[in-house]
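S.K.: Sequence plus predicted model, see below.
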2 protein chains.
Amino acid sequence: MSIKSTLEKVISEDLAEIWSLLKSEEKRLITDNFEVHNFKKNQIIYAEKDNPVYLWCLLKGKVKLYKDGIGGRQQILRLYRPIQYFGYRAYFAREPYVSSAAAFEPSTVGSLPMDLVKSMIDNNRDLAWFFIHELSKNLGGSDTKIVTLTQKHIRGRLAEALILLIDNYGFEEDGKTLKIYMAREDIANLSNMTTSNAIRTLSAFAQERIITVDGRRIKIVDEAKLRQISKFG
Amino acid sequence: MSIKSTLEKVISEDLAEIWSLLKSEEKRLITDNFEVHNFKKNQIIYAEKDNPVYLWCLLKGKVKLYKDGIGGRQQILRLYRPIQYFGYRAYFAREPYVSSAAAFEPSTVGSLPMDLVKSMIDNNRDLAWFFIHELSKNLGGSDTKIVTLTQKHIRGRLAEALILLIDNYGFEEDGKTLKIYMAREDIANLSNMTTSNAIRTLSAFAQERIITVDGRRIKIVDEAKLRQISKFG
DNA sequence: AAACAATTATGCTTTAAAACATGCAAAATT
DNA sequence: AATTTTGCATGTTTTAAAGCATAATTGTTT
């Protein structure tokens, strides 16, 4: 599939917020510099300490932004779905990446040189506001995450992680089954616990009829209870 | 002291980065809408769930940005020194504050309506970049904090907190004594531990001749060791 | 100065979560 | 099909940090 047709297909399927902000010359500049990449499951898109060069736009699939910590422990910071942009923060901060991005499942990702994005922001107020808004929302999210991950107990953290998955990727047609199938290890990395404890606590939730678990398929049975556990216990 | 003379005194003392980015009509608009407030020690400037109305600029003193968590446990997210800006993130994210700001010590703070700031950004590219840059740096900092506060052990977290204090407020004339005098409780809230453990671990560091402690005066004796502890054990 | 409150210091107990060990089942590779 | 690898499940042990108690010190108010 050609770059342009891929892009236009995506655009027509689900118009990205950013695209509507662009003037026609800008749109031409983009289609000329836009490149489409395919990433396999678990393939790294960029890594911590790399220098940021591209704005990435997830077109198809699922991407995780994560940070490798102590003793191989990984913390998932954010999850992306089509059509969301990532990889720009480090460029704007004028520093190397502090986190890595990897495809959760086979994914199609577009790239655009950040230098081009920068010059477009210079000439497009709305685009500047788009990034100010995104950065502000993310910063609020990270600040909140600092407190929940350090202060909530295991059950609360897992419940919150499951709610995040609901909010990010939603349900299958049945309105119950999570649309993302994650390894227990990734669920653990999302909720700051060991894999053992993620498995254990998922089992506990299943026992309590809050969820059902069938391999990696997680069905949310009692969302209200989940939100309650996330807030308190 | 009048609003204008206070502002101009500060400006002349230490020209704020932002000020140099402004055009002369903008400077007039600011001096007309700028208000100076004095806050007592521990007084709250704004609180979580409030709606953001002002851009705040710390002119004199020290300010902490923090979030109240579970069981009255507080997490300090960021520290401000003159001349730094805060309180704008929630406005840009179009949401209420997710954290609170309070004066650490008697402080003078300027305010400017965010609606005015917004219109200024609309007409001033450099100002837009200023905020994009600030937000990006803060987001990187918060993402990093998520991992260090959840994964490092107590000694590492305390060492890191002390380094943050060095980087933020520096030393007295002796080049050793921290320029900020915090309660043990605040040191604990900065490094995600209980007050008991902050006291205990500070004592341990003193025993190991890494620091000396005299009430709230902390002298950094072996900064290299501190950085080593922060990085590893 | 006396009385009170808040902060700092230390020791002891409890506990939540990590670390470790082992078994089993399902995929993947040969 | 047999073998190896990977992921899931669960029980046991260990440990880092919280929780609690008490005392000493310092700071504040009357």
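M.R.: Received the coordinates, thanks.

S.K.: Let's check: the centremost residue of chain A is which one?
M.R.: A:Leu79 (1.6 Å; CA atoms, centre = their mean).

S.K.: Kindly tell me how buried the residue nearest to that one when sequence neighbours are not counted is, as a neighbour count.
M.R.: For A:Leu79, ignoring the flanking residues on the chain, the nearest one in space by CB to CB, 6 or more residues apart in numbering or on different chains is A:Asn168 at 5.0 Å. To be clear about C-beta, it is placed using only N, CA and C from the backbone, and glycine gets the same treatment. Using other CB atoms under 10 Å in any protein chain shown, A:Asn168 is surrounded by 16 other residues.

S.K.: Which pLDDT value belongs to A:Asn168?
M.R.: Per-residue confidence for A:Asn168 comes out at a pLDDT of 95.

S.K.: quick one: buried residues of whichever strand or helix holds it?
M.R.: Assigned by DSSP states H and E, A:Asn168 falls within helix A:154-169. For helix A:154-169, the neighbour count (16 or more other CB atoms under 10 Å in any protein chain shown) marks A:154-166, A:168-169 as buried.

S.K.: So A:Asp222 versus B:Asn123, what's the distance?
M.R.: Relative to B:Asn123, A:Asp222 is positioned 52 Å away (CB to CB, to the nearest Å).

S.K.: Show me what from chain A comes close to chain B.
M.R.: For chain A, the residues in contact with chain B under the definition CB under 8 Å from any CB of the partner chain are A:67, A:69-70, A:73, A:75, A:77, A:89-90, A:92-95, A:98-99, A:121-122, A:125, A:128-129, A:131-133, A:135-140, A:142-147, A:149-152, A:192.

S.K.: Please list only the buried members of those residues.
M.R.: Neighbour counting with 16+ other CB under 10 Å marks A:67, A:69, A:73, A:75, A:77, A:89-90, A:92-93, A:98-99, A:121, A:128-129, A:131-132, A:135-140, A:142-147, A:149-152, A:192 as buried within the residues of chain A next to chain B.

S.K.: how does chain A divide into domains?
M.R.: Using automatic domain parsing, the domain ranges for chain A come out as A:3-149, A:152-231.

S.K.: per-residue confidence for A:Gln43?
M.R.: 93.

S.K.: That one: how many residues sit nearby?
M.R.: 12.

S.K.: quick one: it from A:Ser100, how far?
M.R.: From A:Gln43 over to A:Ser100 the distance is 11 Å, taken as CB to CB.

S.K.: follow-up on the earlier one: okay, and which of the residues of chain A next to chain B map to strands?
M.R.: The subset of those located in strands under the criterion DSSP state E comprises A:67, A:75, A:77.

S.K.: Include distance to B:Thr108 and pLDDT when you put those residues into TSV, please.
M.R.: Listed next are those as TSV, based on distance: CB to CB, whole Å; pLDDT from 0 to 100:
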residue	distance to B:Thr108	pLDDT
A:Lys67	37	97
A:Gln75	38	97
A:Leu77	36	98
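
S.K.: near DNA strand C, from the residues of chain A next to chain B?
M.R.: The subset of the residues of chain A next to chain B lying close to DNA strand C, counting by CB under 7 Å from any atom of the strand, consists of A:Asn192.

S.K.: Please report how far the closest residue to A:Ile18 other than its chain neighbours lies from DNA strand D.
M.R.: Once flanking residues are discounted, A:Ile18 sits nearest to A:Phe130: 5.8 Å by CB to CB, 6+ apart. Separation of A:Phe130 from DNA strand D (CB to the nearest atom of the strand, to the nearest Å): 37 Å.

S.K.: how near is A:Phe130 to B:Trp129?
M.R.: For A:Phe130, the distance to B:Trp129 under the criterion CB to CB works out to 14 Å.

S.K.: ok, A:Phe131 touching A:Tyr88?
M.R.: Yes. Shown here, A:Phe131 and A:Tyr88 form a contact pair, counting by CB atoms under 8 Å, at 6.9 Å.

S.K.: Find residues that contact each of those two.
M.R.: Taking CB atoms under 8 Å, 6 or more residues apart in numbering or on different chains as the contact rule, A:Phe131 and A:Tyr88 touch no residue in common.

S.K.: how about the residues of chain A near DNA strand C?
M.R.: Counting by CB under 7 Å from any atom of the strand, the residues of chain A close to DNA strand C are A:71, A:153-155, A:192-194, A:196-197, A:215.

S.K.: on that earlier part again, export the domains of chain A to a markdown table and tack on distance to B:Glu25?
M.R.: Written out in a markdown table, the entries for those read as follows (distance: least, CB to CB, whole Å):
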| stretch | distance to B:Glu25 |
| --- | --- |
| domain A:3-149 | 18 |
| domain A:152-231 | 44 |
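
S.K.: Compare those domains and say which comes out lowest on pLDDT.
M.R.: Summarising mean pLDDT across the domains of chain A, the least confident stretch is domain A:3-149, with a mean of 89.

S.K.: So what's the gap between that one and the chain middle?
M.R.: 9 Å (CA atoms, centre = their mean, to the nearest Å).

S.K.: who are the neighbours in contact with A:Tyr54?
M.R.: Contacts were defined as CB under 8 Å, 6+ apart; by that measure A:Tyr54 touches A:46, A:87, A:111-114.

S.K.: Go again with 10 Å.
M.R.: The contact partners of A:Tyr54, taken as CB atoms under 10 Å, 6 or more residues apart in numbering or on different chains, are A:33, A:35, A:37, A:45-46, A:86-88, A:91, A:109-117.

S.K.: Mind giving me the ChimeraX select for those residues, buried ones only?
M.R.: A single ChimeraX command is used to select the members of the contacts of A:Tyr54 judged buried by 16+ other CB under 10 Å:
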select /A:45,46,86,87,88,91,109,110,111,112,114,116,117
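
S.K.: still on that earlier bit, closest to A:Glu185 among the residues of chain A next to DNA strand C?
M.R.: Taking CB to CB as the measure, A:Glu185 lies nearest A:Thr194 of those, at 9.2 Å.
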